[in-house]
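A.B. asks: Using only what follows, build the 3D model:
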Amino acid sequence: MKKARLIAGLTQQETADLLNVHRQTYIKWEKDPDNMPVGQAKKFSESVNLNVDEIFFGVESTLSRIS
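C.D. replies: The predicted model follows:
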């Protein structure tokens, strides 16, 4: 998630604001995306142009393709 966020040019605070959560909540999700609610994962994926599967199951191939 961090790499996707950085490639999208977003800070942790900006991402938290997009998801309507506190920054600390987003930081926890970034460290452990398995705890992120599905609805929030969908919002995040849309904000960084990835699908939810790429967030939970790996984004390396996609990120190398878009960066």
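A.B. asks: what's next to stretch 36-56, contact-wise?
C.D. replies: Residues from elsewhere that reach stretch 36-56 (C-beta atoms under 8 Å, 6 or more residues apart in numbering): 1, 4-5, 7-8, 10, 15, 18-19, 21, 29, 33-34, 59, 62, 66. Just so you know, the C-beta spots here come from the backbone N, C-alpha and C atoms, and that holds for glycine as well.
A.B. asks: now with 7 Å?
C.D. replies: Here stretch 36-56 makes contact (C-beta atoms under 7 Å, 6 or more residues apart in numbering) with 1, 4-5, 8, 18-19, 29, 33, 59, 62.
A.B. asks: following the one helix or strand E46 maps to, which helix or strand comes up?
C.D. replies: Assigned by DSSP states H and E, E46 falls within helix 38-47. Following helix 38-47 in sequence order, the next helix or strand is helix 52-57 (DSSP H and E).
A.B. asks: Now V21. Its backbone dihedrals?
C.D. replies: Main-chain torsions, V21, degrees, to the nearest 10: phi -130, psi 170.
A.B. asks: Output the contacts of stretch 36-56 in a markdown table; the columns should cover distance to N49, secondary structure and pLDDT.
C.D. replies: Output for the contacts of stretch 36-56, formatted as a markdown table (distance: C-beta to C-beta, whole Å; DSSP: H, G, I helix; E, B strand; the rest coil; pLDDT from 0 to 100):
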| residue | distance to N49 | secondary structure | pLDDT |
| --- | --- | --- | --- |
| M1 | 13 | coil | 86 |
| A4 | 9 | helix | 89 |
| R5 | 11 | helix | 92 |
| A8 | 7 | coil | 92 |
| L18 | 13 | helix | 96 |
| L19 | 15 | helix | 96 |
| W29 | 18 | helix | 94 |
| P33 | 17 | helix | 86 |
| V59 | 11 | coil | 56 |
| T62 | 9 | helix | 57 |
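A.B. asks: Just list the residues touching K28, thanks.
C.D. replies: N35.
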